[in-house]
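Undergrad: here you go, sequence then predicted model.
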Amino acid sequence: QVTLRESGPALVKPTQTLTLTCSFSGFSLNTLRMRVSWFRQPPGKALEWLARIDWNEDKFYTTSLKTRLAISKDTSKNQVVLTMTNMDPVDTGTYFCARSVDGFIFDYWGQGALVSVSS
Amino acid sequence: EIVLTQSPDTLSLSPGERATLSCRASQTLRTNYLNWYQQRPGQAPRLLISAASTRATDIPDRFSGSGSGTDFTLTISRLEPEDFAVYYCQRYGNSPLYAFGQGTRLE
C-alpha cells in the first residue's frame, strides 16, 4: 500500500525558510524510474508543480521559483525534503507531494500540508 | 511555455446528466501527455485519465477521455453525486516540466 504524508510548519514568517518533509511508504526511491514531486495550491486556486527528485538523484525545478527551491531525499528514511527560501504571503497555500513511476503521471498523493505566511 | 486553458470555468449540471469538460493547449502536445485529475474539497487530486484516454485503476467507466494535439475532453457520461468536484488537466513536457489548467468546477 502506497502512502505519502506531508509535514512541516503551519505558519512561517515572511523572509523565513520553509522546510517540508514528505514521508512515504509502499515504495522505495531507490527503485528504477521512481520519482517524487512537490506541488502547491493557493486557496481556491489551481495546482502548481514545484520540484521533482528522481531515483538517480536527478532534480528538476519550476523555472519561476528555481532560485528559492531545493529538493533532497533520504532514502534510508523514505523521505523527500523541500526547502523554499524567502517566504512571502503569496506563498500561502496547501503543499502536496506525489509519486510518479514513469515521470508522466502522479498516481499517489499525500493529503497536503497547509502553510500560511504571515508576520 | 505550453499553457492549458480549461472550459468552462464552472459547469452546473444535475445528477444523471452528461458532463463535457474541455482542455486546450496553446501548442501541440507531443505523444498526448495529457492527464485528468479530480479534486474534491479538502482532498488531494486523484488521477482519473492518463495519456488523454486511459482510465486509471479503479476509475469508473462513466469517466472517459479523448482528444489529441491541442484539444482534449473529459466526459462523465452520467453524473453521480460524488462527481461534483473540481477537475484539472495536466501536461508533461516543455517548461515547466508539468503544468495544470486552471480547473473546471462541476457543481
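TA: That came in fine, so what should we check first? Predicted, not measured: the structure shown is a model, and the values here were computed from it.
Undergrad: name the element A:Leu4 belongs to?
TA: Assigned by DSSP states H and E, A:Leu4 falls within strand A:3-7.
Undergrad: contact partners of that strand?
TA: If you take C-beta atoms under 8 Å, 6 or more residues apart in numbering or on different chains as the criterion, strand A:3-7 is touched by A:20-26, A:36, A:95-99, A:108-113. C-betas here are computed from N, CA, C, even on glycine.
Undergrad: stretch B:59-70 too?
TA: Residues outside stretch B:59-70 that contact it (C-beta under 8 Å, 6+ apart): B:23-29, B:32, B:34, B:36, B:47-49, B:52-55, B:72-78, B:80, B:83.
Undergrad: mind checking which of these land in strands?
TA: B:23-25, B:34, B:36, B:47-49, B:54-55, B:72-76 (DSSP state E).
Undergrad: only the buried subset of those, as a PyMOL command please.
TA: The buried subset of the ones in strands among the contacts of stretch B:59-70, as determined by 16 or more other C-beta atoms under 10 Å in any protein chain shown, is captured in PyMOL by this line:
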select buried, chain B and resi 23+24+25+34+36+47+48+49+55+72+73+74+76
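Undergrad: out of the ones in strands among the contacts of stretch B:59-70, who's near chain A?
TA: Among the ones in strands among the contacts of stretch B:59-70, the residues within reach of chain A (C-beta under 8 Å from any C-beta of the partner chain) are B:Leu47.
Undergrad: nearest to B:Glu17, of the ones in strands among the contacts of stretch B:59-70?
TA: B:Ile76 (8.8 Å; C-beta to C-beta).
Undergrad: now do the contacts for the closest one.
TA: With C-beta under 8 Å, 6+ apart, B:Ile76 has these contacts: B:Arg18, B:Ala19, B:Leu21, B:Arg62, B:Phe63, B:Asp83, B:Leu106.
Undergrad: may I ask which of those has the most neighbours?
TA: For the contacts of B:Ile76, the largest number of neighbours (other C-beta atoms under 10 Å in any protein chain shown) sits with B:Leu21, at 22 neighbours.
Undergrad: any idea how far that residue lies from A:Asp88?
TA: B:Leu21 sits 33 Å away from A:Asp88, going by C-beta to C-beta, to the nearest Å.
Undergrad: how many neighbours does B:Thr5 have?
TA: Counted with other C-beta under 10 Å, the neighbours of B:Thr5 add up to 12.
Undergrad: tell me what the nearest residue to it once chain neighbours are set aside is bridged to.
TA: Among residues not flanking B:Thr5 along the chain, B:Arg24 sits closest, at 5.0 Å (C-beta to C-beta, 6 or more residues apart in numbering or on different chains). Counting by DSSP bridges, B:Arg24 is bridged to B:Thr5, B:Asp71.
Undergrad: check contacts around B:Arg24.
TA: B:Arg24 makes contacts with B:Leu4, B:Thr5, B:Gln6, B:Ser7, B:Thr70, B:Asp71, B:Phe72, as judged by C-beta under 8 Å, 6+ apart.
Undergrad: same question for B:Ala51.
TA: B:Ala51 neighbours (C-beta under 8 Å, 6+ apart): A:Phe104, B:Thr31, B:Asn32, B:Tyr33, B:Leu34, B:Asn35.
Undergrad: any idea how far the third one is from B:Val86?
TA: Spelled out, that is B:Asn32. According to C-beta to C-beta, B:Asn32 stands 23 Å off from B:Val86.
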